[in-house]
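# A predicted structure for the sequence below; I have some questions about it.
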Amino acid sequence: MLLDMIFGGASFQEVMIQLIMTIPIVLIALTFHEVAHGWVSYKMGDPTAYNLGRLTLNPAKHLDPLGSLCMLLFGVGWAKPVPVNSRYYKKPKLGMALTALAGPVTNILLGFAGLLLMNLALYLPLIEGMNLRLWAIIVDFLYYFALMNVYLAVFNLIPIPPFDGSRIAFVFLPDRIYFGVMKYERIIQLVVLVALWSDLLDRPLEIVADAVINGMDWLISWMHVGIGLLFG
């Protein structure tokens, strides 16, 4: 994304336009991701995130500097984890899994909304007087909005700490194995950063994200058919 443009010979104007589009996407994607974690935990009886002021859409409460930078440069990243306390859950393992799943699911829904709006925006040039340059920026923004939210969801579903996927895996793993792996969370995070910088994660993430995007496209195409049949 942005990093590819910088090293791919893009002009300063192109890089700045991409940066201006990407920053609000990062703010929205990461903020909604973390608020979803806290909201689901709160609904299951855990007031921790609420008491710490984390059930807010103010990005300043959620953004992690390094995670936000990775999101800007690579299209995947992380925010400051919302604190949760599984002791408040009636079923701690299931509660942790649902809380963890809430973030990626929210990004998938945001991605779908972005893709749907992009398809609607394709009809905007038909409006008389519509500026084609503005139209192109709107379409590009919605495309990157969908793409980055899907990539963020897929990235966070990696089943190793500190990602949400590891909390979901907690449901299926014996406590001894799970907490044994969690001891190495910081080391694993460093390895993941190296993998990001060296592009080792690019292809696996791309395969899964493309499958999700293609599924969304398929669903939207059937929505078009349904609307056509309804009003045609």
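Arrived safely, thanks for sending. This one's a predicted model, so the numbers in the text were calculated from it and none came from an experiment.

# Who are the packing partners of the helix or strand where I17 lies?
Secondary structure assignment for I17, by DSSP states H and E: helix 12-43. Under the contact definition 3 or more C-beta pairs under 8 Å, 6 or more residues apart in numbering; DSSP states H and E, helix 12-43 sits against helix 2-7, helix 48-51, helix 65-74, helix 92-121, helix 132-156. All C-beta atoms are positioned from the backbone trio N, CA, C, and that covers glycine.

# centre of the chain versus the second one, how much separation?
Relative to the chain's own centre, helix 48-51 is displaced by 22 Å; criterion: C-alpha atoms, centre = their mean, to the nearest Å.

# tilt between the helix holding I17 and helix 65-74?
Interaxial angle of helix 12-43 relative to helix 65-74 (axes from the mean of the first three to the mean of the last three C-alpha atoms, to 10 degrees): 130 degrees.

# For the closest residue to L52 other than its chain neighbours, which three-state class applies?
Leaving out its chain neighbours, the residue that sits closest to L52 by C-beta to C-beta, 6 or more residues apart in numbering is P83, at 6.2 Å. Assigned by DSSP: H, G, I helix; E, B strand; the rest coil, the conformation of P83 is coil.

# pLDDT score for P83?
If you check P83, the pLDDT there is 92.

# got it, and A136?
Looking at A136, its pLDDT is 85.

# where among the helices and strands packed on helix 12-43 is the average confidence lowest?
helix 2-7 has the lowest average pLDDT among the helices and strands packed on helix 12-43, namely a mean of 68.

# Check the burial of G9 by counting its neighbours.
7 (other C-beta atoms under 10 Å).

# Adding mean neighbour count and distance to V26, write the helices and strands packed on helix 12-43 out as JSON lines.
Output for these, formatted as JSON lines (neighbours: other C-beta atoms under 10 Å; distance: least, C-beta to C-beta, whole Å):
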{"stretch": "helix 2-7", "mean neighbour count": "14", "distance to V26": "10"}
{"stretch": "helix 48-51", "mean neighbour count": "16", "distance to V26": "21"}
{"stretch": "helix 65-74", "mean neighbour count": "18", "distance to V26": "5"}
{"stretch": "helix 92-121", "mean neighbour count": "20", "distance to V26": "12"}
{"stretch": "helix 132-156", "mean neighbour count": "20", "distance to V26": "7"}
